[in-house]
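Trainee: Structure, please.
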Amino acid sequence: MKLTEPEFKLAHLPSLLKDTFKLWNKNNPWRLGAVVAYYAVLSLPGLLIIVVNSVGAIWGQEIVQGQITQQIADAIGQNAADSIVTIIENSQKEDQTFLSTILGVVILVFGATGVFYQLQISMNEIWSVKVDPDAGIWKLVKDRAISLAFVMVIAFLLIISFVISAALTYLSDFLSSLWEPQYISYAKILQFGLSTLVLGFLFVLIFRFMPDMRIKWRSVWLGGFLTGFLFNLGEILLNYYFSLASPDSTYGAAGSVVLILLWVSYSCLILFFGAAFTRVYAERYEENVLPTTNAIRVELNEVIIEKGSDTPEEIE
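Mentor: Model (predicted):
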């Protein structure tokens, strides 16, 4: 006889968050975030070019590039946005041979998927799962294909985000012409909510398909949209911090890179918290949570070899 799986209740949320924090802190999210941030900087040119070209085919490259740089400027400052513009312009040189173009596309795709591949490794660490050593090269190819799929999903969601942003801008102008200025704040709240939905959907897909685990859809919805809310809230707080502290001025010419590293690593802390929440939720409310094919669950235990002493013996 199959036992009925327990159902989530709002009263369970405090204990879920408590267990989530323990799991999140146990996996050293600061180190995982720093690793992903490093690969994000390396993957940035390829990621930007793929997104700009794919979305630009529908929306227009100049408009897309302007929207991306404006959002980056709003998040981490104009200097970082100018650096992004330089990266895009340097990566779109046309004076290339056919062979160099093909090689450039391969490097572009490999570079753009690098950050998502590292993100998958970090997700697996949170789930205590690793790739089976006998999986072979096809597992690597599959993971890279999934990473490329997430790049295209981001491009698709970016289109939706542009449409929502344009509609809300029109709504704000319309409301300001009819009503008192305080009604504009309602449009901003609506924009925050819709942005949370778009980001939440992206995080749902990440938590569902990126770890090498068989996770049911019902176990990722709450964690995905919770992460979307925290991500948007964290972006506001981080933007406020950047406007006050201006950490890029301390590092001179490298300031823009430092800001990108800080922003990505900070965002990863929120993302990994959502991943930990998804694991805690799934293990509590699913009957069986198993690894996928070509993946294995692992348990790492520290073994004390020798304990130090306050009065070390003299070394002869």
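
Trainee: you'd agree Ser54 is up against Leu148?
Mentor: No: with contact defined as C-beta atoms under 8 Å, Ser54 does not count as touching Leu148 (11.2 Å). C-beta: built from backbone N, CA, C; applies to glycine.

Trainee: Which residues are in contact with Leu271?
Mentor: The contact partners of Leu271, by C-beta atoms under 8 Å, 6 or more residues apart in numbering, come to Leu119, Phe203, Ile206, Thr227, Phe231.

Trainee: quick one: the second one from Ser83, how far?
Mentor: Read it as Phe203. Distance, Phe203 to Ser83, using C-beta to C-beta, to the nearest Å: 27 Å.

Trainee: cool, and the third one?
Mentor: Between Ile206 and Ser83 the distance, using C-beta to C-beta, works out to 26 Å.

Trainee: ranges for the strands of the stretch 1-150 of the chain?
Mentor: 129-131 (DSSP state E, counting those that start in this stretch).

Trainee: can you give me the helices for it?
Mentor: 13-26, 29-59, 61-76, 78-91, 98-126, 137-178 (DSSP state H, counting those that start in this stretch).

Trainee: still on that earlier bit, more neighbours: which of Ile206 and Ser83?
Mentor: Ile206 (24 against 21; other C-beta atoms under 10 Å).

Trainee: list the contacts for the nearest residue to that one once chain neighbours are set aside?
Mentor: Excluding the flanking residues, the one nearest Ile206 by C-beta to C-beta, 6 or more residues apart in numbering is Phe150, at 7.1 Å. Under the criterion of C-beta under 8 Å, 6+ apart, the neighbours of Phe150 are Phe116, Leu205, Ile206, Met210.

Trainee: Now, those residues that are in helices?
Mentor: The members of these that map onto helices under DSSP state H are Phe116, Leu205, Ile206.

Trainee: residues touching the first one, list them.
Mentor: This means Phe116. By C-beta under 8 Å, 6+ apart, the residues touching Phe116 are Ile146, Ser147, Phe150, Val151, Met210.

Trainee: Return the member of the residues you listed nearest to Leu48.
Mentor: Val151 (10.4 Å; C-beta to C-beta).

Trainee: close enough to count as contact, that closest one and Val52?
Mentor: No: using C-beta under 8 Å, Val151 is not in contact with Val52, being 11.7 Å away.

Trainee: If you count surrounding residues, which of those two has more?
Mentor: Val52 (22 against 19).

Trainee: What distance do you get for Arg208 to Met152?
Mentor: 16 Å.

Trainee: Could you check which of the two is surrounded by more residues?
Mentor: Ranked by neighbour count (other C-beta under 10 Å), Arg208 and Met152 place Arg208 first, with 18 against 13.
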